[in-house]
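1. coords below, sequence missing:
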C-alpha cells in the first residue's frame, strides 16, 4: 500500500513541479532548467514528509514533517545546505502555490468527474464571485490608501 501511495504522490508532485516550473518561467523569467534542481529538492522533501507521515505512528500532519525536513536541510550546519538554499531560491513561492491551489479547488469537488457534473453555470457563478471579490478588495484598498494620503 505504501509503494502505491509513493507512486501516486510522486506522480502528483511531478505534475505540480512541472506546472510550477512553467509558472516560474512565465511569471518570473526564471528558465526552467535553472529551477529544476530546486524543484527536485522540493519534491524530494515533500515525498519524504509524506512517507514519514505514513511510517511514524504519531498523529502529526504531513505538512509539519515537510516543514521540519525543509528547515533541517537548509540549516547552515547541514552539509550541502548552501546548494539547497541556492537551488530552491530559484523557485518562487507563487509559482508553487498556483498549481497547488488549483488542485485543492478542484479536489473540493472530490474528483474531476464531479467537477464536470457541476456544469458551465457553476463556472460562471464562481468567476463572478471571484471577480466581485477582487473588485471589492481593490475598491477597499483604493479607499484606504486615499484616506491615508498614500496615493
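-> Arrived safely. Because the structure is a prediction, the values reported are computed rather than measured.
2. helices along the protein, start to end?
-> Counting by DSSP state H, one finds helices in the chain at the ranges 2-28, 32-55, 62-74, 81-88, 93-107, 112-117, 120-147.
3. hey, which of the ones you listed is tucked in deepest?
-> Among these, helix 32-55 has the highest mean neighbour count (mean count of other C-beta atoms under 10 Å), at a mean of 18. For the C-beta atoms, the positions are set from N, CA and C on the backbone; glycine is no exception.
4. before we move on, the earlier item: kindly reformat the helices of the chain as JSON lines containing mean pLDDT.
-> Shown next, in JSON lines, are the helices of the chain (pLDDT from 0 to 100):
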{"stretch": "helix 2-28", "mean pLDDT": "90"}
{"stretch": "helix 32-55", "mean pLDDT": "95"}
{"stretch": "helix 62-74", "mean pLDDT": "94"}
{"stretch": "helix 81-88", "mean pLDDT": "95"}
{"stretch": "helix 93-107", "mean pLDDT": "77"}
{"stretch": "helix 112-117", "mean pLDDT": "67"}
{"stretch": "helix 120-147", "mean pLDDT": "86"}
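5. where's the residue nearest in space to the middle of the chain relative to residue 39, distance?
-> Central residue of the chain (C-alpha atoms, centre = their mean): residue 97, 3.3 Å from the mean position. Noted for residue 97: a distance of 14 Å to residue 39, by C-beta to C-beta, to the nearest Å.
6. fine, thanks again, bye for now.
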